[in-house]
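A.B. asks: any chance you could fold what I've pasted below:
(one chain, ligands or ions: 1)
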Amino acid sequence: MLEQITRQNLIHAGKANNVYATNSPDYLELEASDRISAGNGAKTDVVTNKGVANNQISSATFKFLEENGIPTHYVCEGSNKSSKIVKAAEMIPLEVICRFVATGSFCKRYECEDGLEFDEPFVEFTFKSDSAGDPPIDRKTILALPEKTLIEDERELNLIEYYTARIGILLSEFYERLGVKLIDFKVEFGRISSGQIILCDEISPDTCRLVDIKTGEKLDKDRFREDLGDVSKGYEEILKRVTSNG
Ligand code: TMP
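C.D. replies: Predicted coordinates:
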């Protein structure tokens, strides 16, 4: 059945990913592009081969998570090396951030120094809205605004928080085996027609902070955010390690 899924028209071009309809309403084709942006689109560029690298990294990560009990949208490879077939889902407009080490917007917001280590995965939410600037949102506000956040009840929110912390533990072990420390990451969830909540979007060096354990070198989008040079090196290095893992 899956061999019969074919890509159709472009239905959404995001900052980094393109979404295509398919001949089935239950599936979409998600294509990772070489576009890169930071600061809510304030700074943009193109990184050759980033789309292929991110698609391969994210696909391997989603397969690993699915094998370890996290339901995801991943179905199979797509029509080219930078695309995959995914389950169509209603996206929940929350960015769910999980931190192991304080850095980035956390330190900016609370005026604390980089490097505080959390004992447990530290989960936070932002409300996904370009016009509102993706503001932080707490559990009480999420539940008070179901028409905006699309979270139906506390059970659903608990599940998303649980999945995110569990993804954090699984992924930090996954990356540690590859000699990489997972500092933090962002995930997004969606609801499929049965009502099930599943992991959607991507998990890649665009959405994680990843540091080489031996050298301390940054291997993620911070190379672009902080103008560290050779942006593609992070993506290539993570791709090499993730794919050599099997
Ligand atoms: P932050 O420190 O800027 O809040 O970022 C935390 C993590 O979430 C980091 O790995 C980058 C990721 N992230 C995204 O993937 N997309 C976003 O829009 C934001 C704000 C963060």
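A.B. asks: right, and the ligand sits closest to which residue of this structure?
C.D. replies: Going by CB to the nearest ligand atom, the ligand is nearest to Gly104 of the chain, at 2.2 Å. From N, CA and C alone the C-beta is placed, and that goes for glycine too.
A.B. asks: distance of that residue relative to Ala21?
C.D. replies: In this structure, Gly104 lies at 35 Å from Ala21, with CB to CB, to the nearest Å as the measure.
A.B. asks: what number of residues lie near the residue of the chain closest to the ligand?
C.D. replies: When neighbours are defined as other CB atoms under 10 Å, Gly104 has 16 of them.
A.B. asks: what mean pLDDT does the longest helix belonging to the chain get?
C.D. replies: Residue-count comparison of every helix in the chain, with assignments taken from DSSP state H, identifies helix 154-176 as the longest. The pLDDT scores in helix 154-176 average 98.
A.B. asks: which neighbouring elements make contact with the next helix-or-strand element following it?
C.D. replies: Counting by DSSP states H and E, the element after helix 154-176 in chain order, helix or strand, is strand 180-191. Using 3 or more CB pairs under 8 Å, 6 or more residues apart in numbering; DSSP states H and E as the contact definition, the elements that strand 180-191 packs against are strand 90-91, strand 94-101, helix 154-176, strand 197-200, strand 208-212.
A.B. asks: how about a markdown table for those, with distance to the ligand and mean neighbour count added?
C.D. replies: Supplementary listing: the helices and strands packed on strand 180-191 in a markdown table, determined by distance: least, CB to the nearest ligand atom, whole Å; neighbours: other CB atoms under 10 Å:
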| stretch | distance to the ligand | mean neighbour count |
| --- | --- | --- |
| strand 90-91 | 14 | 12 |
| strand 94-101 | 5 | 21 |
| helix 154-176 | 11 | 17 |
| strand 197-200 | 13 | 22 |
| strand 208-212 | 4 | 22 |
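A.B. asks: Leu199 against Phe64, yeah?
C.D. replies: No: taking contacts as CB atoms under 8 Å, Leu199 lies outside contact range of Phe64: 11.6 Å.
A.B. asks: what is in contact with those two at once?
C.D. replies: Listed as contacting both Leu199 and Phe64 by CB atoms under 8 Å, 6 or more residues apart in numbering is no residue at all.
A.B. asks: which residues of the protein fall in helices?
C.D. replies: 50-67, 104-110, 139-144, 146-149, 154-176, 222-225, 231-244.
A.B. asks: quick one: which of those is nearest Val86?
C.D. replies: For those, proximity to Val86 was assessed by CB to CB; helix 50-67 is nearest, at 8.9 Å.
A.B. asks: by how many degrees do the closest one and helix 231-244 diverge?
C.D. replies: With axes from the mean of the first three to the mean of the last three CA atoms, to 10 degrees as the criterion, the two stretches helix 50-67 and helix 231-244 enclose an angle of 40 degrees.
A.B. asks: what packs against helix 50-67?
C.D. replies: Contact analysis of helix 50-67 by 3+ CB pairs under 8 Å, 6+ apart lists strand 27-32, strand 74-77, strand 83-87, helix 154-176, helix 231-244 as its packing neighbours.
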